[in-house]
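Novice: Below is the sequence, then the predicted model.
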Amino acid sequence: MPFIQDSVEELVQRLNLLPHPEGGFYREMYRAPLELEVPILNGMRPAYTSIYFLLPGNSFSAWHKVASDESWFFHTGCPLSIYLMNALGQLEEHRVGFGDQLQMTVPANTWFAAKAHEESSFSLVSCTVAPGFDFADFELGRRQQLLDQFGDTEANRAIITQLTRQ
């Protein structure tokens with residue numbers, strides 16, 4: 001049975017997913033046995049990691065950043081938008097899904113957030129991180145911090161407010 005016919009609750013159960021601190025649900029699928037010394041991360045990391053990530057349409061992946069590059073690969077559901085604050089503090093929107101690009105990579109240490117396009121649907125993606133993900137390398141954005149840093153335009157203020165939690 002294709003995933004698209006499943007509800008969010010069925011997918012969470014079927015894929016054995018857990019709540020993610022940024023929003024949505026996830027399960028680690030692979031952690032490379034090869035470990036690398038990563039001086040800028042002050043230690044060893046697996047070469048790469050991958051997860052399933054399920055984003056319900058009535059939720060969002062809150063602004064956060066990861067210390068490594070993170071690639072998103074669309075599987076099923078509705079398209080989603082991944083929002084980035086680029087190195088110049090400018091907002092970028094990348095649509096990921098059928099009819100758009102099917103994958104995109106967020107550069108290391110870039111603030112980003114995501115939202116599914118249909119409130120009554122979901123987006124199921126895989127995310128890979130290289131060097132591999134460690135929660136020590138993850139930072140969840142605080143609304144006021146992001147507004148102070150990037151809130152110089154009305155569009156930035158609106159999307160920061162929409163995609164952060166109090």
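Specialist: Cool, the structure landed.
Novice: show me where the protein has helices.
Specialist: 8-14, 143-150, 154-162 (DSSP state H).
Novice: Nearest to residue 101 among the ones you listed would be which one?
Specialist: Residue 101 sits nearest to helix 154-162 of all these, at 19.5 Å, using C-beta to C-beta. All C-beta atoms are positioned from the backbone trio N, CA, C, and that covers glycine.
Novice: Tell me which other helices or strands that closest one touches.
Specialist: strand 91-96, helix 143-150 (3 or more C-beta pairs under 8 Å, 6 or more residues apart in numbering; DSSP states H and E).
Novice: where exactly do the strands run in the chain?
Specialist: All strands of the chain, identified by DSSP state E, fall at 18-19, 25-31, 35-38, 43-46, 49-56, 61-66, 69-77, 80-85, 91-96, 103-106, 111-116, 122-130, 138-140.
Novice: circling back: I'd like the helices of the chain laid out as TSV, including distance to residue 23 and mean neighbour count.
Specialist: Shown next, in TSV, are the helices of the chain (distance: least, C-beta to C-beta, whole Å; neighbours: other C-beta atoms under 10 Å):
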stretch	distance to residue 23	mean neighbour count
helix 8-14	12	15
helix 143-150	14	15
helix 154-162	12	15
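Novice: Dump those to a markdown table, plus distance to residue 43.
Specialist: A markdown table is the format used below for the helices of the chain (distance: least, C-beta to C-beta, whole Å):
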| stretch | distance to residue 43 |
| --- | --- |
| helix 8-14 | 32 |
| helix 143-150 | 26 |
| helix 154-162 | 31 |
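Novice: To residue 75, which of the ones you listed lies closest?
Specialist: Among these, helix 8-14 comes nearest to residue 75, with 10.6 Å by C-beta to C-beta.
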